[in-house]
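**Q** Structure here, sequence nowhere to be found:
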């Protein structure tokens with residue numbers, strides 16, 4: 001059991017038989033010793049976000065998630081296959097389950113899959129991934145290397161991103177998996 005005061009960002013809590021990830025935590029002291037904790041919670045089963053306020057001593061169940069390394073094998077027809085690197089067990093997840101994380105999955109890369117009581121909860125991706133530009137407008141004379149001129153590009157995974165004007169089709173770029181933003185051209 002954890003109190004609301006101890007439930008800092010990154011904690012996973014079980015509230016009303018649902019699992020929530022604490023993404024934001026604020027301490028508010030009101031008059032006469034009344035203290036409240038405001039939290040922004042992400043439901044790990046359906047991805048919805050909610051804001052809730054708790055008394056600082058409210059108790060909640062702290063949850064430890066099972067985490068295993070899986071290798072991404074392939075994606076076909078809205079299904080994504082992964083293989084556990086220790087047991088060689090294979091699992092398939094559908095597109096609704098992994099949301100926009102599908103844009104950062106590269107065949108043969110490893111990801112951490114989180115489970116709770118045998119049920120899928122989430123993927124933990126690396127912070128940055130290397131993707132190939134599959135489509136973009138050609139370089140235009142006058143576009144400089146300072147990156148101030150941007151254009152739309154589509155990666156090999158289907159992600160549409162803004163890239164500097166000097167990036168061309170088939171270039172490899174580094175993309176941040178948390179924001180979906182172009183970081184730099186791969187070396």
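**A** Received it, and whenever you're ready, just let me know what you need. Since the model is a prediction, treat every value here as computed from it, not as a measurement.

**Q** Three-state assignment for residue 98, please.
**A** helix (DSSP: H, G, I helix; E, B strand; the rest coil).

**Q** Test my guess that residue 40 contacts residue 20.
**A** No: counting by CB atoms under 8 Å, residue 40 sits too far from residue 20 to count as a contact (9.6 Å). Heads up, the C-betas are built off the backbone N, CA and C, glycines and all.

**Q** Just want to know which of the two has more residues nearby.
**A** The neighbour count for residue 40 versus residue 20, taken as other CB atoms under 10 Å, is higher for residue 20 (25 against 16).

**Q** Tell me how far the nearest residue to the more buried one once chain neighbours are set aside lies from residue 23.
**A** Spatial nearest neighbour of residue 20, chain neighbours left out: residue 41 (3.9 Å); criterion: CB to CB, 6 or more residues apart in numbering. Going from residue 41 to residue 23 by CB to CB, to the nearest Å gives 7 Å.

**Q** Mind listing the shared neighbours of the two?
**A** Common contacts of residue 41 and residue 23 (CB atoms under 8 Å, 6 or more residues apart in numbering): residue 49.

**Q** thinking again about what came up before, paired strands for the helix or strand harbouring the residue nearest to residue 20, with orientation please.
**A** Per DSSP states H and E, residue 41 falls inside strand 35-43. Here strand 35-43 is paired, per DSSP bridges, with strand 18-29 (antiparallel), strand 49-55 (antiparallel).

**Q** Worst mean pLDDT among these?
**A** Among those, strand 18-29 carries the lowest mean pLDDT, a mean of 86.

**Q** Enumerate the positions of that one that are buried.
**A** 19-22, 25 (16 or more other CB atoms under 10 Å).

**Q** repeat for stretch 180-187
**A** Those would be 182, 185, for stretch 180-187 by 16+ other CB under 10 Å.

**Q** how long is that stretch from one end to the other?
**A** Across its full length, stretch 180-187 reaches 19 Å between end residues, using CA to CA, to the nearest Å.
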